[in-house]
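Peer 1: For reference, the sequence and a predicted model appear below.
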Amino acid sequence: GACNPRYSGVLERAFSLRKAHSIKDMENTLQLVRNIIPPLSSTKHKGQDGRIGVVGGCQEYTGAPYFAAISALKVGADLSHVFCASAAAPVIKAYSPELIVHPVLDSPSAVHEAEKWLPRLHALVVGPGLGRDDALLRNVQGILEASKARDIPVVIDADGLWLVAQQPALIQGYRKAVLTPNHMEFSRLYDAVLRGPMDSNDSHGSVLRLSQALGNVTVVQKGERDILSNGQQVLVCSQEGSSRRCGGQGDLLSGSLGVLVHWALLAGPEKTNGSSPLLVAAFGACSLTRQCNHQAFQKHGRSTTTSDMIAEVGAAFSKLFET
Ligand SMILES: NC(=O)C1=CN([C@@H]2O[C@H](COP(=O)(O)OP(=O)(O)OC[C@H]3O[C@@H](n4cnc5c(N)ncnc54)[C@H](O)[C@@H]3O)[C@@H](O)[C@H]2O)[C@@H](O)CC1
Ligand SMILES: Nc1ncnc2c1ncn2[C@@H]1O[C@H](COP(=O)(O)OP(=O)(O)OP(=O)(O)O)[C@@H](O)[C@H]1O
Ligand SMILES: [Mg+2]
């Protein structure tokens, strides 16, 4: 691998990017995020700023899909759908009147039911609170394949990444996929795809290699610093957050990313100065999540929960992107 000139060129670029990484780089990338945000306008119709679908929610987990779907709305999507198992649907509906909830994932006709909605969706977020039931995962596999066939961008998180670790071919080479693994999910994926443990001293290289091995899907490794790559470029997001690590923060990130991915692809590479739109979108979602965490922690300290972070989305968004 390292002797291949193309590969070492990429690595060099990644390393020099790491060295050059600074507050200034972060600011420059934030500017690109600002460029992709659609202006609010009185001439737009409902739906134009985003119709997002979240695929997840089962008997055990109802919070995660709710967090993802409500975050998409709070960031600025017009409509947010949840495709979940039937047991989760009344619970999710009861959390919020703003979400459209489809209790289809455990039905034998799940793929068909979800497919009916796909033409109306701009992006899918697959995995928050999905669980690991085989029958459910088979249906999600069908929904993913149908989404790819329609060229719909997909953010894959949580148990969606479990599915991808079992079957990397599902997203191999799909340029409209963004994966958002936490520490554990990343090492599981890395093991499955590269057939060996990652080098924990070289997280940049590991993220870069995983993205390349998956055919340049965008990979966001969440952690103390978020490391993002599309196999060509590596970005680091170290926006100040807090030391509070309550569950659900990743769901806020993947839900926000669903909207930002749609906006970034609409804006195109002219608006992102040649950088990959998906990478810019991912950087935006990471910055936003960490800023929400920072603001919520200032108010609530140790008692901060993801609901407190969601309450900060508006102010955090303005602070980062509307300055
Ligand atoms: N309220 C809810 O309904 C929530 C449901 N969740 C769902 O729970 C399911 C399982 O998600 P998990 O994230 O637990 O996935 P995993 O079952 O893969 O576990 C990840 C594990 O890694 C550990 N971990 C995380 N960061 C680490 C680090 N830096 N170093 C070492 N260990 C680390 C965590 O403690 C966790 O136990 C998913 O469906 C997820 O969406 C979560 O999203 C949390 C909120
Ligand atoms: N040590 C850390 N310091 C600062 N921020 C962190 C740290 N670890 C994670 N984060 C941030 O928290 C957010 C969620 O990351 P995390 O690794 O908790 O995801 P997750 O495990 O998928 O969460 P969830 O509980 O929603 O499933 C990301 O924005 C990430 O940048
Ligand atoms: Mg998660």
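Peer 2: Good, I have the coordinates. What you are looking at is a predicted structure, and each value in this text was computed from that prediction instead of being measured. Ligands and ions are numbered 1, 2, ... in the order given.

Peer 1: how close does Thr304 sit to Glu240?
Peer 2: Here Thr304 is placed at a distance of 14 Å from Glu240 (C-beta to C-beta, to the nearest Å). Using the backbone N, CA and C atoms, a C-beta is placed for each residue, glycine as well.

Peer 1: If you count surrounding residues, which of these two has more?
Peer 2: Neighbours per residue, other C-beta atoms under 10 Å: of Thr304 and Glu240, the larger number sits with Thr304, 24 against 10.

Peer 1: dump the residue contacts of the more buried one.
Peer 2: Ser242, Arg244, Cys246, Asn293, Ala296, Phe297 (C-beta atoms under 8 Å, 6 or more residues apart in numbering).

Peer 1: How much space separates the spatially most central residue of the chain from ligand 2?
Peer 2: Central residue check for the chain by C-alpha atoms, centre = their mean: the C-alpha nearest the mean position is that of Ser254, 3.4 Å away. Using C-beta to the nearest ligand atom, to the nearest Å, we find Ser254 at a distance of 8 Å from ligand 2.

Peer 1: for His183, same thing?
Peer 2: Distance from His183 to ligand 2, by C-beta to the nearest ligand atom: 6 Å.

Peer 1: quick one: secondary structure of the nearest residue to that residue once chain neighbours are set aside?
Peer 2: Spatial nearest neighbour of His183, chain neighbours left out: Gly223 (5.9 Å); criterion: C-beta to C-beta, 6 or more residues apart in numbering. When classified by DSSP: H, G, I helix; E, B strand; the rest coil, Gly223 comes out as coil.

Peer 1: Hmm, Gly223 is touching Met184, no?
Peer 2: No. In this structure Gly223 lies outside contact range of Met184 using C-beta atoms under 8 Å: 10.7 Å.

Peer 1: and these two? which has more neighbours close in?
Peer 2: Set Gly223 next to Met184 and count neighbours by other C-beta under 10 Å: Gly223 wins out with 12 against 9.

Peer 1: who does the closest residue to Ala89 other than its chain neighbours bridge with?
Peer 2: Once flanking residues are discounted, Ala89 sits nearest to Pro103: 3.5 Å by C-beta to C-beta, 6+ apart. As for beta bridges, Pro103 partners with Cys84 under DSSP bridges.

Peer 1: What of Ile52?
Peer 2: Per DSSP bridges, the residues bridged to Ile52 are Ser80, Ala123.

Peer 1: Now for Gly223 and Met184: what residues contact both?
Peer 2: Taking C-beta under 8 Å, 6+ apart as the contact criterion, no residue touches both Gly223 and Met184.

Peer 1: Return the distance of the helix ranked longest in the chain from the chain's centre.
Peer 2: In the chain, assigned by DSSP state H, the helix with the most residues is helix 277-300. Mean-position distance between helix 277-300 and its chain equals 12 Å (C-alpha atoms, centre = their mean, to the nearest Å).

Peer 1: elements contacting the helix or strand following it?
Peer 2: Next helix or strand after helix 277-300 toward the C-terminus (DSSP states H and E): helix 306-310. Packing partners of helix 306-310 (3 or more C-beta pairs under 8 Å, 6 or more residues apart in numbering; DSSP states H and E): helix 63-75, helix 249-267, helix 277-300.
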